[in-house]
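Engineer: Need coordinates for the below:
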Amino acid sequence: MVFLFPSSNSNKTKESASDVRNRYSSRINNFLNQVDSYAIFRSRENALDNLFTWGRKIVDEKQKLDSMYADQKAEKERIEAILGELENKHATAVEQLKQLSKANAEWETRYNEKVANLTIDYTRELDEKERNHDNQINEMTESHAIETTKMKDSHILDLQKLHQEIKYKEIDHKDKIWVKENENKKLVQQLLINQDANLAWPDDKLKFHFQQLQTLVDSVVRKALTQKNQHFGQHLDPTDFIERAGNGKARFLLKSIIWKILKDQFFSVPYGFGALGSGQGYQALMVVYTTWRKIFKDHSNKGPESLAIFQHDEYANKWRSVTFQCISAELSGIEQLGATNDSPIGHFRVENGKKTIDAIKNVVRGISPLPDDSLLSQMEEEIQEISNLALKIALQFGINPAQLLLPIPEHGESIEIGAEFHETSNAASKKGHSFVVDLVTLPGIQKISAKSSEKGSKRVIIPCEIYPMAQSSSVSLTGVLGNI
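Structural biologist: Predicted coordinates:
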């Protein structure tokens, strides 16, 4: 850029002050036009002021540039200081890395040496243990061979002695069998004679059939509890057993319910008079009984309490036994519910059996809001068998000359664990302790002899099983109610 200023020698002609001012103003404007892009927007008449304005602007900009330069210089120095510090740290890190590499190389060398030494020691110990093991195996093999030989020799001698003993025992056993066969023939003949005269079951047979009934009840309970959404309403659980014991104990409640049904339908009256139910069947049996009593004397008492004669009169019990044997013979042809039988007693048996079956089915249906009819169909045969078997057992309560009792303690009653009563866990540690009854899960059977020589003697054929109240205290036995 070329700046044009007036030269003192450029014009020899004398100029006026106005001409000089105009000329310098023109040059100043030309200069400003060259150095300032905004000069064209300024007034051209005030050239000197414009020049001063431009000069001040230049000075201000220079000051700004100087300030910026100073700031940049300071920033550069700061960055150089940081770079210097980073270079020092880098050098330090490089030195530390060299030291760590050296230490790692030394550690790796020591590690390899240690591994090599351990490998040598392990190999040496392993070889020694293998040698010791082989020696022990050889010694055990030799010892076993010697012991086996001794045992074989001893076993041969024992076998020879045993064979000799067996021969002697076979001879003795044959003699005993011959004696037993003769005794059995006599017993069979006597049994056949007794069976012809009396249909009363021996205690073991009564126990066996009652356990069969228990198995059938347990099976029905187990299948009934496979239903979903089980709920025991107030009509099934009036004492709120489930609330106390929890749903996991529902099987005990269901057993108790079914046994109560059987008790009401077959054992509500003692001495077998409840075998045909508590309605018309019971009334018909009582008519037979009262008619027999009237033969000897006036007998106006017609309730269950009138049966007290069977507690002490041996001949009355013989009449009862014969009467119920006749009833059993009459009903023996009915094997299924609904089978035809023209006799009134057959009708009573069918009606009572139907009530029993319907009651059990209603219980099974009642524990679920959506009862499974297919499940009931599967249980039909078992429920019918329960009714049939309960009748046979109930008839034995009439046929047996002795007094058969079905002890069923009441809810809240105190009983003592022992021969007559068991607790559901059947723990030996609870024997002799008293508990408050919550549920009866299995009625018992007791037998009181009617013979004058054995009068009052009681035998427990089946112990009664109870579920005790939670936290029931040990108290003295107050007695057992509900003996039937």
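Engineer: any idea where the helices of the protein begin and end?
Structural biologist: 17-35, 47-197, 203-224, 241-245, 250-266, 280-294, 314-331, 344-366, 373-399 (DSSP state H).
Engineer: could I get those as a markdown table with distance to Pro463?
Structural biologist: For every residue, glycine as well, the C-beta is placed using N, CA and C. Converted to a markdown table, those look like this (distance: least, C-beta to C-beta, whole Å):
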| stretch | distance to Pro463 |
| --- | --- |
| helix 17-35 | 130 |
| helix 47-197 | 28 |
| helix 203-224 | 11 |
| helix 241-245 | 21 |
| helix 250-266 | 14 |
| helix 280-294 | 28 |
| helix 314-331 | 25 |
| helix 344-366 | 24 |
| helix 373-399 | 16 |
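Engineer: out of those helices, which comes closest to Ile417?
Structural biologist: For Ile417, the closest of the helices of the chain is helix 250-266, at 16.3 Å, according to C-beta to C-beta.
Engineer: That closest one: how far from the chain's middle?
Structural biologist: Chain-centre distance of helix 250-266: 25 Å, with C-alpha atoms, centre = their mean, to the nearest Å.
Engineer: Which strands or helices does that helix pack on?
Structural biologist: helix 203-224, helix 241-245, helix 344-366, helix 373-399, strand 434-442 (3 or more C-beta pairs under 8 Å, 6 or more residues apart in numbering; DSSP states H and E).
Engineer: buried sites along the longest one?
Structural biologist: Of the residues in helix 373-399, those buried by neighbour count under the rule 16 or more other C-beta atoms under 10 Å are 376, 379, 383-384, 386-399.
Engineer: coming back round to it: could the helices and strands packed on helix 250-266 be laid out in TSV, adding mean pLDDT and distance to Glu95?
Structural biologist: Below are the helices and strands packed on helix 250-266 laid out as TSV (pLDDT from 0 to 100; distance: least, C-beta to C-beta, whole Å):
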stretch	mean pLDDT	distance to Glu95
helix 203-224	94	84
helix 241-245	90	80
helix 344-366	91	90
helix 373-399	91	87
strand 434-442	94	87
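Engineer: now the ones you listed in CSV, with distance to His133?
Structural biologist: CSV is the format used below for the helices and strands packed on helix 250-266 (distance: least, C-beta to C-beta, whole Å):
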stretch, distance to His133
helix 203-224, 56
helix 241-245, 60
helix 344-366, 67
helix 373-399, 63
strand 434-442, 61
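Engineer: quick one: which of those is nearest Ile461?
Structural biologist: helix 203-224 (5.2 Å).
Engineer: Measure how the closest one sits relative to helix 250-266, angle-wise.
Structural biologist: For helix 203-224 against helix 250-266, the angle by axes from the mean of the first three to the mean of the last three C-alpha atoms, to 10 degrees is 130 degrees.
Engineer: Pick out the residue nearest the middle of this structure.
Structural biologist: When C-alpha atoms, centre = their mean is applied to the chain, the residue found nearest the centroid is Gly248 (8.7 Å).
Engineer: what's near enough to touch that one?
Structural biologist: Contacts for Gly248 were tallied using C-beta atoms under 8 Å, 6 or more residues apart in numbering; there are none.
Engineer: Quick one, grab the pLDDT at it.
Structural biologist: Reported pLDDT at Gly248 in the predicted model: 89.
Engineer: Let the chain start at 3 from now.
Structural biologist: All set: I'll call the first residue 3, so the last point we hit is now Gly250.
Engineer: measure it to Gln327 for me?
Structural biologist: 45 Å (C-beta to C-beta, to the nearest Å).
Engineer: Same check on Pro272?
Structural biologist: Separation of Pro272 from Gln327 (C-beta to C-beta): 18 Å.
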